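A.B. asks: return a 3D structure for these sequence lines:
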Amino acid sequence: MPISNGTSEHLDWLESEAIHVMRETVAQFDNPVLMFSGGKDSLTMIHLARKAFYPAKVPFPILHVDTGHNFPETIEFRDNLMEKFDLDLIVGSVEETIESGRAKEEQGPDASRNKLQIVTLLDTIEEYGFDAALGGARRDEEKARAKERFFSHRDRFGNWDPKNQRPELWNLYNGRSRQGEHFRAFPLSNWTELDVWQYIRQEGVEIPSLYLAHERKMFERDGVLLPKSPYNDLREDEHYVEKMVRFRTIGDMTCTGAVESTATTLDEVIAEVATTQQAERGARADDQRAEAAMEERKREGYF
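C.D. replies: Prediction:
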């Protein structure tokens, strides 16, 4: 799958930069892995990886941390994708982490397994000896992610210190680490949400149906539209309403909110994203828990 000329000089430049970071990751590290959520960014990452190492097979496995509370559509799409492109999938189970006593299930109507992914992720990285984890995070998503470098150091406990990062002058990346430490690598750092959608259209990348508007039973909590699921308990004043919605991010069903939308095609999604005033993660209930919720999770080893 050779690199195409594309239709946009801007997108071609972003693609070239991302492929460079991927190739640098494989060159500098012995055992990298690509983190996967089933969302548009990780799908873009897989597409870029296939381009970066064509005609060879993608030279690292795909890691999905499964909370057990994922959208059924996400799991089905994941399994079909792995088979279609002959990718090696590793699944880290939050359910098994809880059963082993390594993490404690949250209780109450706002309970979520989102933060529990940290323990499962770090345990899986240690189990397989991964020294670099490629992720699809972008600097425009959230202020904590804006502090990341392309190569982001993690200490031997998996912790991240935003004040202790290596300079990356002239696109030179320092991946040196001590025993037990690892790095996160973020090839999409300079992309925006709109860039991702335009690239997906340009490249014909297949996306889950969750990203397109569809009718779904929803309920509103603290200004966030959450989907009906076996994992969300309604409060006394809450009720389900049938709404036309789509999701801008894909994660745990307990905390991934939707936006009301009529965008049923990719072109309509792009037009909607280009004009929206709401932040991409504004519908994520896990980010509403505290002003610095994402940074606190990232410091502990989150994606």
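A.B. asks: list the strands paired with the strand ranked longest in the chain, with their directions.
C.D. replies: Determined from DSSP state E, the single longest strand within the chain is strand 214-221. Take DSSP bridges as the rule and strand 214-221 pairs in its sheet with strand 224-227 (antiparallel), strand 241-246 (antiparallel).
A.B. asks: what would the last one look like as PDB? C-alpha coordinates only.
C.D. replies: What it means is strand 241-246. Output of strand 241-246 as PDB, limited to C-alpha atoms (Å, rounded to 0.1, in the frame of the first residue of the first chain):
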ATOM      1  CA  VAL A 241     -35.500   9.500  25.600                       C
ATOM      2  CA  GLU A 242     -35.100   8.400  22.000                       C
ATOM      3  CA  LYS A 243     -32.700  10.900  20.300                       C
ATOM      4  CA  MET A 244     -30.800  11.200  17.000                       C
ATOM      5  CA  VAL A 245     -27.200  11.200  18.100                       C
ATOM      6  CA  ARG A 246     -23.600  10.400  17.100                       C
END
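A.B. asks: from the contact counts, what lies against the next helix or strand after that strand?
C.D. replies: For strand 241-246, the following helix or strand on the C-terminal side (DSSP states H and E) is strand 259-260. Identification of packing neighbours for strand 259-260 by 3 or more CB pairs under 8 Å, 6 or more residues apart in numbering; DSSP states H and E yields strand 241-246. For the C-beta atoms, the positions are set from N, CA and C on the backbone; glycine is no exception.
A.B. asks: before we move on, the earlier item: need the winner for burial among the strands paired with strand 214-221.
C.D. replies: Of all these, strand 224-227 carries the top mean neighbour count, a mean of 20, counting by mean count of other CB atoms under 10 Å.
A.B. asks: ok so, going back, which residues sit against the longest strand of the chain?
C.D. replies: The contact list for strand 214-221, computed with CB atoms under 8 Å, 6 or more residues apart in numbering, reads 110, 225-228, 232, 234-235, 238-246, 258, 264, 285.
A.B. asks: next, the buried residues of that strand.
C.D. replies: For strand 214-221, a neighbour-count test (16 or more other CB atoms under 10 Å) marks 214, 216, 218-219, 221 as buried.
A.B. asks: farthest pair within these?
C.D. replies: For the buried residues of strand 214-221, with distances taken as CB to CB, the pair at the greatest spread is 214 and 221 (20.3 Å).
A.B. asks: sketch out the low-pLDDT regions of the stretch 1-150 of the chain for me.
C.D. replies: Low-confidence segments of the stretch 1-150 of the chain (pLDDT under 70): 1-7, 145.
A.B. asks: for it, what spans make up the helices?
C.D. replies: 9-28, 40-52, 72-84, 94-99, 117-128 (DSSP state H, counting those that start in this stretch).
A.B. asks: hey, which of those helices is tucked in deepest?
C.D. replies: Most buried of the helices of the stretch 1-150 of the chain, by mean neighbour count (mean count of other CB under 10 Å): helix 40-52, with a mean of 22.
A.B. asks: as TSV, the helices of the stretch 1-150 of the chain with distance to residue 139 would be great.
C.D. replies: Formatted as TSV, these follow (distance: least, CB to CB, whole Å):
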stretch	distance to residue 139
helix 9-28	12
helix 40-52	12
helix 72-84	25
helix 94-99	27
helix 117-128	21
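A.B. asks: of all these, which lies closest to residue 63?
C.D. replies: Comparing these by CB to CB, helix 117-128 comes nearest, at 6.4 Å.
A.B. asks: so which elements touch that closest one?
C.D. replies: Under the contact criterion of 3+ CB pairs under 8 Å, 6+ apart, helix 117-128 touches strand 32-36, strand 62-66, strand 89-93, helix 94-99.
A.B. asks: could the ones you listed go into a markdown table alongside distance to residue 158?
C.D. replies: Below are the helices and strands packed on helix 117-128 laid out as a markdown table (distance: least, CB to CB, whole Å):
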| stretch | distance to residue 158 |
| --- | --- |
| strand 32-36 | 13 |
| strand 62-66 | 13 |
| strand 89-93 | 13 |
| helix 94-99 | 14 |
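A.B. asks: these: which one's closest to residue 144?
C.D. replies: Per CB to CB, nearest to residue 144 of the helices and strands packed on helix 117-128: strand 32-36, 16.5 Å.
A.B. asks: partner strands of the closest one, with direction?
C.D. replies: Here strand 32-36 is paired, per DSSP bridges, with strand 62-66 (parallel), strand 132-134 (parallel).
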